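*Asks:* Coordinates for the following, if possible.
(one chain, ligands or ions: 1)
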Amino acid sequence: MLSLLLIGFLGCAPASKPEPVPVQTAPKIIQIEAETGQLSGVEIAKSLPGFSGTGYVTGFDAATDQLTLTFDATAGLYALSIGYSAPSGDKGVDFQVNGEKVSSTLTQNTGFGLAKTGKFQVRDGRNTVTIFRGWGYFSIDYLQLTPTTVGLPTKPSKTLVNPQATASTKALFSYLVDQYGSKVISGQQDDVEYILEKTGKEPAIGSFDLMDYSPSRVQNGATPQRSSEACMAWARKGEGRGIISLLWHWNAPTDLIDQAPDRLWWSGFYTRATTFDLAATLADPKGERYHLLIRDIDTIAGELKKFQTADIPVLWRPLHEASGGWFWWGAKGAGPFKELWRLLYDRLTNHHQLHNLIWVYTATDSIHPDWYPGDSYVDVVGLDIYTDPTSSLSGNWTNAQGPFAGKKLVALSETGNLPKPDQIRNFGTWWSWFSVWTGADFIKKQSVEQLKAVYTDKDVITRDELPNWRQIP
Ligand code: CA
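*Replies:* Purely as a prediction, here's the structure:
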C-alpha cells in the first residue's frame, strides 16, 4: 500500500525539470579580530597576554570612540559572542549589528572572556558591526558569529511555589505555562484605556502599582491614582477574564530625606531619597524600624487580600529591579534583599494566608544569580528592559534562559518599547507576557500603527482572546 501511494505521488510530480538551484555555501563560524577593524579614537594593544590574533582594541574612553568591523557572510541567524577583557568590573557595551542597536554586559574578567550577546539576523554579503564606548574600561579582542537556530523555550512545571495556592491561581498559572513558547500575552502598565482607545482591543494583563498604599505616602496625603477596587473592577468587567499584575514602589517606611529637587517624600522608594538602612533594620528584629517594615507589609497584605476575596489571582511583582541598587531594597546588596524577599513571602503566605499570588521575581535587563531569591520563592522571572527600539532583546532572553530554562517562566515584565512579534518569532524570544511602561515616554511614544499591529498579531493574546482560564484544570 505504501509503495502504491508512493507511485501515485510520483505520478503527480511535474514533468518539467526543476529550476537549477544556485550554489549556496552553508553558514559557517565567522571570527573577526578586533585589530583588523576600522579604529576611531581607540588603539591596538598587545600587553595583556592571552589575546587571539595579533592584538586587541582598547581605549574606549571618549563618547565618540568606536570600532567598526565588516565581514562577509551567508544570510542566516547567528549567535554573536564578543571576546573581551573587563578587568575593573562588569561593563556595559553598546554595539550595532547592521541596523540593530544593542546593549550588553561584559562581566568582569581579568584575562580574556567570551560574552554571549544573543542572536542576530545576518545578511548575504557585507555586514557591519560597530562597537561603541558604553561604560568604557573594556578591551575587545574579537567577534565570533556561530550559525544557530530558533529554539523554543522549555516549559517549566505547573507547580506553584505555594502549595496552598487557590484553584484560580493554579488555573491561571496553568494557562500561562500552556501558552509559553507559542503565544505572548499582552500587558500594559496603567494605560489600559489608551490601548483600548487606539486599537479597539485591550491588553490581557492590566499591570498596576500599589505605591500609594505605602504608609509613608499615605501619611503625606497620597491617594492611589487607581485604587485596588478600580483594578478589580477592570479585571471583573465583561466576562471577568482580565489578568492582574501588581508591583509596589514601596516608599521607605521611614527616614525620608524629603528635600528638593529629587529627594522629596514621594521619591521615597529611590535609594537617593531615603536613609532607611535595610541591612541595619533586618539585623534588629526588635527595633522600631523592623516594626515599621512589618507594618508596611501588613498594610499591603490588606490590599492583596481584597483581590483574594474577589477570587482574583495576582501576578505579584514586589521588590523589583533590586540588583540595580536604585531602590532602597537593593541598596545594601544581595544578602539583605534576599532576606527581605523571604520575609515578605513568609509574612504574606503564612501569616496573612494569601494564596492568590504568583510570585514574580523581577531582575533588571540582565540576570545576576547572586540576587535570585531561590526556586522555592519564585514562580516567574521577569526582566525590565529599557533599550533601543531596534533591539530584538535576544541577548537578554538568552541570558535569562541560561539559568531558568525548564525551571521558571520568563516574562518581559517591563519594557520601554512594544516588542515586535516578527522578532519574537525570528529570534524565539517567547516571553510569557510583555508589559509596556506607562506614559508619554513609553507606550504613548509608540506609533499607533505599530500598536495596532501588535494588538492584532496572531501570536499576541489580547483580553478578548483569553479563555475562561479559571476553568482550566
Ligand atoms: Ca584579537
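*Asks:* quick one, phi psi at the spatially closest residue to Leu106 that is not a sequence neighbour?
*Replies:* Computed as C-beta to C-beta, 6 or more residues apart in numbering, the closest residue to Leu106 that is not its neighbour in sequence is Ala86, at 4.4 Å. Just so you know, the C-beta spots here come from the backbone N, C-alpha and C atoms, and that holds for glycine as well. The phi/psi pair for Ala86 (degrees, to the nearest 10) reads phi -140, psi 80.
*Asks:* which residues touch Ala86?
*Replies:* 106-109, 113, 137-139 (C-beta atoms under 8 Å, 6 or more residues apart in numbering).
*Asks:* Please indicate which of these has the highest neighbour count?
*Replies:* Within the contacts of Ala86, most neighbours by other C-beta atoms under 10 Å means Phe138, with 26 neighbours.
*Asks:* my guess is Pro156 contacts Leu409, does it?
*Replies:* Yes - counting by C-beta atoms under 8 Å, Pro156 does reach Leu409; the two are 6.0 Å apart.
*Asks:* between these two, who's got more neighbours?
*Replies:* Leu409 (25 against 22).
*Asks:* who does the more buried one bridge with?
*Replies:* Beta-bridge partners of Leu409, counted by DSSP bridges, are Val380.
*Asks:* Tell me how far it lies from Leu160.
*Replies:* Distance, Leu409 to Leu160, by C-beta to C-beta, to the nearest Å: 11 Å.
*Asks:* Could you name every residue contacting both of these two?
*Replies:* Common neighbours of Leu409 and Leu160 (C-beta under 8 Å, 6+ apart) are Asp379.
*Asks:* I'd like the distance between the residue of the stretch 51-200 of the chain found nearest the ion and Glu35.
*Replies:* Of all residues in the stretch 51-200 of the chain, Gly53 sits closest to the ion, at 3.6 Å by C-beta to the ion. To Glu35, Gly53 is 6 Å away according to C-beta to C-beta.
*Asks:* ok, now which ones touch the closest residue to Tyr377 other than its chain neighbours?
*Replies:* In this structure, Tyr377 finds its nearest non-sequential neighbour in Tyr345, 5.0 Å apart by C-beta to C-beta, 6+ apart. Neighbouring residues of Tyr345 by C-beta under 8 Å, 6+ apart: 359, 373, 377.
*Asks:* May I ask which of those residues has the most neighbours?
*Replies:* Within the contacts of Tyr345, Trp359 tops the neighbour count with 24 neighbours, counted by other C-beta under 10 Å.
*Asks:* Relative to Tyr180, how far out is that one?
*Replies:* 17 Å.
*Asks:* Over to Leu67?
*Replies:* Using C-beta to C-beta, Leu67 is found at 38 Å from Tyr180.
*Asks:* Next: Ser394.
*Replies:* Ser394 is 17 Å from Tyr180, by C-beta to C-beta.
*Asks:* swap in Arg272?
*Replies:* Remark: distance between Arg272 and Tyr180 (C-beta to C-beta) = 37 Å.
*Asks:* Comparing the two, which residue is more hemmed in?
*Replies:* Shown here are Arg272 and Tyr180; by other C-beta under 10 Å, Tyr180 has more neighbours (22 against 13).
*Asks:* How about the contacts made by the closest residue to the ion within the stretch 351-473 of the chain?
*Replies:* Residue of the stretch 351-473 of the chain nearest the ion, by C-beta to the ion: Gly395 (21.4 Å). For Gly395, the contact set (C-beta under 8 Å, 6+ apart) comprises 102, 104, 116-118.
*Asks:* That one falls within a helix, correct?
*Replies:* Yes - checked against DSSP: H, G, I helix; E, B strand; the rest coil, Gly395 lies within a helix.
*Asks:* and Gly53 and Glu35? which has more neighbours close in?
*Replies:* Neighbours were counted for Gly53 and for Glu35 using other C-beta under 10 Å; Glu35 has more, 21 against 14.
*Asks:* Is there a neighbour count for the nearest residue to Arg347 once chain neighbours are set aside? I'd like the number.
*Replies:* Closest residue in space to Arg347, ignoring its immediate chain neighbours: Ile297 at 5.0 Å, by C-beta to C-beta, 6+ apart. With neighbours defined by other C-beta under 10 Å, the count for Ile297 comes to 21.
*Asks:* Repeat that for the one 5 residues further on.
*Replies:* Residue crowding around Gly302 was assessed by other C-beta under 10 Å; the count is 11.
*Asks:* Make sure it is indeed in a helix.
*Replies:* Yes - applying three-state DSSP, one finds Gly302 inside a helix.
*Asks:* Need the per-residue pLDDT for it.
*Replies:* Turning to Gly302, the model gives it a pLDDT of 98.
*Asks:* joint contacts of Pro156 and Leu409?
*Replies:* Contact criterion C-beta under 8 Å, 6+ apart; residues shared by Pro156 and Leu409: 177, 180.
*Asks:* related to what we said a few turns ago, which residues sit in contact with the residue of the stretch 51-200 of the chain closest to the ion?
*Replies:* Applying C-beta under 8 Å, 6+ apart, the residues contacting Gly53 are 33-36, 141-142.
*Asks:* and the residue nearest in space to the middle of the chain, helix, strand or coil?
*Replies:* Centroid check for the chain by C-alpha atoms, centre = their mean gives Leu383 as the closest residue, at 2.1 Å. Of the three states, Leu383 takes strand under three-state DSSP.
*Asks:* pLDDT value on it, please?
*Replies:* Leu383 is given a pLDDT of 98.
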